[in-house]
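K.L.:
What follows is a protein structure lacking sequence information:
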């Protein structure tokens, strides 16, 4: 009986420790959707508009198309729900002049964009 109680205690310690660790140190952001910029697919603004919600969010920024759905799901966006304002549209103006009045996105934010690149906006 004593061995069983020790085994249960160890199991709770291991499971609790793992749970605590994953809560304190969440997994890194999702991996890039596409990285080969030489083989970009061309999308129309109509196609981008089909992805205009948090469950499927594409943004067109400066002629490129990004699927930021994994970023939204990760919860890492500092502006939380503000990113949804650009879903399904050309979000260049929103990205360069944030509606909250805090100016353009940082270089760090611009550095995240290539991770979500899926194509280019057709002319």
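P.N.:
All right, it came through fine. Keep in mind that what you see is a predicted model, and the values were worked out from it rather than measured.
K.L.:
so who does residue 59 touch?
P.N.:
Residue 59 is in contact with 48, 65, 66, 68, 86, 87, 89, 91, 95, counting by Cβ atoms under 8 Å, 6 or more residues apart in numbering. Just so you know, the C-beta spots here come from the backbone N, C-alpha and C atoms, and that holds for glycine as well.
K.L.:
what is the mean pLDDT for stretch 70-86?
P.N.:
Averaging pLDDT along stretch 70-86 gives 74.
K.L.:
Quick check: end-to-end length of it?
P.N.:
15 Å (Cα to Cα, to the nearest Å).
K.L.:
ditto for stretch 88-96
P.N.:
17 Å.
K.L.:
Can you show me the helices along this protein?
P.N.:
Counting by DSSP state H, the chain has these helices, from start to end: 2-24, 45-49, 69-74, 92-96, 107-112.
K.L.:
Go ahead and confirm residue 66 touches residue 112.
P.N.:
No - between residue 66 and residue 112 there is no contact under Cβ atoms under 8 Å: 9.3 Å.
K.L.:
So for those two, which residue has more residues nearby?
P.N.:
residue 66 (25 against 17; other Cβ atoms under 10 Å).
K.L.:
State the distance from that one to residue 39.
P.N.:
16 Å (Cβ to Cβ, to the nearest Å).
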